[in-house]
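S.K.: kindly return the folded structure for what I paste below:
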Amino acid sequence: MKKTEMGRFNISPDEDSSSYSSNSDFNYSYPTKQAALKSHYADVDPENQNFLLESNLGKKKYETDFHPGTTSFGMSVFNLSNAIVGSGILGLSYAMANTGIALFIILLTFVSIFSLYSVHLLLKTANEGGSLLYEQLGHKAYGLAGKLAASGSITMQNIGAMSSYLFIVKYELPLVIKALMNIEDTNGLWYLNGDYLVLLVSFVLILPLSLLRNLGYLGYTSGLSLLCMIFFLIVVIFKKFQIPCPVEAALIANETVNGTFTQAAMAVLASNGTTDDACRPRYFIFNSQTVYAVPILTFSFVCHPAVLPIYEELKSRSRRRMMNVSKISFFAMFLMYLLAALFGYLTFYGHVESELLHTYSEIVGTDILLLVVRLAVLVAVTLTVPVVIFPIRSSVTHLLCPTKEFSWLRHSIITVTILAFTNLLVIFVPTIRDIFGFIGASAAAMLIFILPSAFYIKLVKKEPMRSVQKIGALCFLLSGIVVMIGSMGLIVLDWVHDPSAAGGH
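M.R.: Take a look at the predicted model:
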């Protein structure tokens, strides 16, 4: 057996071609991208794919040495961290501004623990179910309905990820162009219109990359994305100590030069004092925007379709070893998310917008450091979108015409349709907050809470329904349903009763 490009394998005639499968997600680095870009479905019929050989379904199925992993423990931690972190980090300060510091930390802790518990359920289910393909587990558990639920949730999550990336282009690219060209008056300039720019980037840069059959060379873009987010975090912490408070005085004075407060602005700040309520952190906040906190957090922690291929590639593979990978990754992302949210909130307090990076331009302008951050993030998300399109297109192709040979016409039509639909969402959905909220309350809740527990209850036969493990999984399933229905209901009510808030902060 020889490993080839895109994580596929050349299987000799005496090898079982149904023994290899993998899954994907939109945000993890190259060693896992090889498995990810294999997509949801390999060339063989997914119904015949099995993670384990039938003859090896023994006591320790997950340790069967049918396909030795090659990825080290440290690289697996990096890959899973990469799968977790994404554009959701840009909305966490907004969530804290509408929950308060204490309530946010409580919610962040619970969501991270629940996400880690669902990884435990997923790994155990993969062991008992004999598959490392998320959709295949769904099919084994509930037939076509389970498969469609898994595939649909992953597709929705990926479309949400694409939309959030393109929202970043829509928000940030005009600011970058304005800063580079030193333009003051933006009225009537089409190339500073975010809607036009996102269309231009999508169909001039992203579409040609997305049409390629082999995206293996883009495998490192998720690593770049993680590095960009770490750089973003460093800048957020640094800016907290550079931007004074209250920011209202600076906005009124309008006296900033390249993101630095002048003496006139500082005088206004001094006359207003820094003990105003606007500069006091609040620990518990309840308002109409608080309902977006849990969906934003669930959106930020979704990595579950990536867990199984990372597990498959792990060297000296065992469920305990993979859980250790997961614990380290989740703890690292917990700290990263907490720091990003906290320092962003303590910089702007109630003025935080739904996309933190955009808040800096609205309040303090753009300096060189922020410009570099924007450019890095823009490059990362632009190169990541084609990787996200790949599994969506593969899923659609498999569902519509699984037995037909490859066709460039069909390949192109599906790609253009996916990209066009996502662009329509970005243009007509008012803010990135709504993408975080809707996808977090629906697809993310399915992937974190509902599907892993539902698959576990159905496929893990050795534990009776009255066992502590099954009762825990059932409670987790019910809590997921409550979270999804409750969050969706509250978000829809917010849209209906307060349409003026659609623009966010």
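S.K.: the protein: strands as residue ranges?
M.R.: Secondary structure of the chain (DSSP state E): strands at 2-3, 9-10, 256-257, 260-261.
S.K.: show me where the stretch 1-150 of the chain has helices.
M.R.: Secondary structure of the stretch 1-150 of the chain (DSSP state H, counting those that start in this stretch): helices at 30-36, 73-84, 92-97, 101-129, 134-181.
S.K.: need those in JSON lines (columns: mean neighbour count, mean pLDDT and distance to His351).
M.R.: All C-beta atoms are positioned from the backbone trio N, CA, C, and that covers glycine. Formatted as JSON lines, the helices of the stretch 1-150 of the chain follow (neighbours: other CB atoms under 10 Å; pLDDT from 0 to 100; distance: least, CB to CB, whole Å):
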{"stretch": "helix 30-36", "mean neighbour count": "26", "mean pLDDT": "40", "distance to His351": "38"}
{"stretch": "helix 73-84", "mean neighbour count": "23", "mean pLDDT": "88", "distance to His351": "28"}
{"stretch": "helix 92-97", "mean neighbour count": "29", "mean pLDDT": "94", "distance to His351": "8"}
{"stretch": "helix 101-129", "mean neighbour count": "21", "mean pLDDT": "94", "distance to His351": "16"}
{"stretch": "helix 134-181", "mean neighbour count": "22", "mean pLDDT": "89", "distance to His351": "16"}
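S.K.: let's have those in TSV, adding distance to Leu197.
M.R.: Formatted as TSV, the helices of the stretch 1-150 of the chain follow (distance: least, CB to CB, whole Å):
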stretch	distance to Leu197
helix 30-36	27
helix 73-84	27
helix 92-97	23
helix 101-129	33
helix 134-181	5
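S.K.: which stretch among the ones you listed comes nearest Glu313?
M.R.: Nearest to Glu313, of all the helices of the stretch 1-150 of the chain, is helix 30-36, at 6.0 Å by CB to CB.
S.K.: spit out the contact partners of Leu92.
M.R.: Leu92 makes contact with 296-297, 300, 337, 340-341, 344, 356, according to CB atoms under 8 Å, 6 or more residues apart in numbering.
S.K.: if I look at it, how far off is Val396?
M.R.: 31 Å (CB to CB, to the nearest Å).
S.K.: ok, Leu212 next?
M.R.: Taking CB to CB, one finds Leu212 at 17 Å from Val396.
S.K.: more neighbours, these two?
M.R.: Each of Leu212 and Val396 has its neighbours counted (other CB atoms under 10 Å); Val396 has more, 18 against 14.
S.K.: I'd guessed that one sits against Ile414; true?
M.R.: Yes: using CB atoms under 8 Å, Val396 is in contact with Ile414, at 5.5 Å.
S.K.: any low-confidence regions in the stretch 201-350 of the chain?
M.R.: Applying pLDDT under 70 to the stretch 201-350 of the chain flags the ranges 214-222, 246-277.
S.K.: which parts of it are helices?
M.R.: 207-211, 221-240, 247-253, 263-272, 293-301, 304-313, 319-348.
S.K.: so can I have a markdown table of the ones you listed showing mean neighbour count and distance to Thr366?
M.R.: Shown next, in a markdown table, are the helices of the stretch 201-350 of the chain (neighbours: other CB atoms under 10 Å; distance: least, CB to CB, whole Å):
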| stretch | mean neighbour count | distance to Thr366 |
| --- | --- | --- |
| helix 207-211 | 17 | 28 |
| helix 221-240 | 19 | 12 |
| helix 247-253 | 19 | 15 |
| helix 263-272 | 15 | 16 |
| helix 293-301 | 29 | 25 |
| helix 304-313 | 28 | 34 |
| helix 319-348 | 20 | 15 |
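S.K.: of all the ones you listed, which lies closest to Gly69?
M.R.: Judging these by CB to CB, what sits closest to Gly69 is helix 304-313, at 4.9 Å.
S.K.: what is the closest one packed up against?
M.R.: helix 30-36, helix 73-84, helix 101-129, helix 134-181, helix 319-348 (3 or more CB pairs under 8 Å, 6 or more residues apart in numbering; DSSP states H and E).
S.K.: swap the cut-off to 6 Å and go again
M.R.: Packed against helix 304-313 by the contact rule (3 or more CB pairs under 6 Å, 6 or more residues apart in numbering; DSSP states H and E) you find helix 30-36, helix 73-84, helix 101-129.
S.K.: could I get the ones you listed as JSON lines with distance to Leu308?
M.R.: Formatted as JSON lines, the helices and strands packed on helix 304-313 follow (distance: least, CB to CB, whole Å):
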{"stretch": "helix 30-36", "distance to Leu308": "9"}
{"stretch": "helix 73-84", "distance to Leu308": "11"}
{"stretch": "helix 101-129", "distance to Leu308": "6"}
